[in-house]
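Asks: this one's sequence-less:
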């Protein structure tokens, strides 16, 4: 059975989230006069990312709303009590710097152009629809995707099989006819494989220090490798050069 559609992760797959987050937080802390309090930009970024991971996990587990996890990230990062309004205002000021650094990876538009006539496209993200729909519109690619599904609205998040099933249902296709492309080896790679999709882990150079390709899945280092992979589906015994 051939692959008829590609479902995409957004952050650090299509959109260079890591670079935008680094630039945005550095600019925000400089404007707030807080860089010295964290011993410099790199230490501040490490603390911010650890805090983000902790509270994002609570959101993914259904223990906090999308807005609550944002507020709790700010409180934990600053290590101070803040009202909801004050936490929202701080995060909004960060967003101004973060959004100014938004950019697609350079391999995104070429691969979307190449696959435009041969495959349908959708998005499945562990974020919220308001955030990701706007991001895709600002980046000029929203019209490339038939649907955009996000955990906040679905009530279920990757790597749960129900999240991937929802994306397939939105396309009206069985999982075996859908590929999922994402940057996280477990949340995206193993999750998609377990849900029955063709799993394509985008392991950009320098992004990960570890991770294993899930059984039946594939690892690529650039989206430039994707058209060949989709044109020669190797899940059923043919050798693969992608690992």
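Replies: The structure has been received and is ready for your questions. From a predicted model like this one, the values you see are computed outputs, not experimental measurements. Numbers count the residues shown, from 1 in each chain.

Asks: all strands in this protein, in order from the N-terminus.
Replies: 5-8, 120-125, 148-150, 178-182, 198-202, 218-220 (DSSP state E).

Asks: Redo those as a markdown table? Include distance to residue 49.
Replies: The way it works is simple: take the backbone N, C-alpha and C, and place the C-beta from them, glycine included. Formatted as a markdown table, the strands of the chain follow (distance: least, CB to CB, whole Å):
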| stretch | distance to residue 49 |
| --- | --- |
| strand 5-8 | 22 |
| strand 120-125 | 18 |
| strand 148-150 | 21 |
| strand 178-182 | 18 |
| strand 198-202 | 19 |
| strand 218-220 | 23 |
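
Asks: Show me what the helix or strand bottoming out on mean pLDDT in the chain is packed against.
Replies: None of the helices or strands of the chain scores lower by mean pLDDT, DSSP states H and E than helix 41-60, at a mean of 91. Helices and strands touching helix 41-60, by 3 or more CB pairs under 8 Å, 6 or more residues apart in numbering; DSSP states H and E, are helix 17-32, helix 66-78, helix 151-154.

Asks: nearest to residue 163, of these?
Replies: Closest approach to residue 163 among these (CB to CB): helix 151-154, 6.1 Å.

Asks: Show me what the closest one is packed up against.
Replies: With contacts taken as 3+ CB pairs under 8 Å, 6+ apart, helix 151-154 sits against helix 41-60, helix 161-171.

Asks: before we move on, the earlier item: which residues sit against the least confident helix or strand of the chain?
Replies: 21-22, 25-26, 29, 34-35, 38, 64-66, 68-70, 72-73, 76-77, 126, 151-152, 157 (CB atoms under 8 Å, 6 or more residues apart in numbering).

Asks: Adding mean pLDDT and distance to residue 42, write the strands of the chain out as a markdown table.
Replies: Shown next, in a markdown table, are the strands of the chain (pLDDT from 0 to 100; distance: least, CB to CB, whole Å):
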| stretch | mean pLDDT | distance to residue 42 |
| --- | --- | --- |
| strand 5-8 | 98 | 30 |
| strand 120-125 | 98 | 27 |
| strand 148-150 | 98 | 30 |
| strand 178-182 | 98 | 26 |
| strand 198-202 | 97 | 25 |
| strand 218-220 | 95 | 28 |
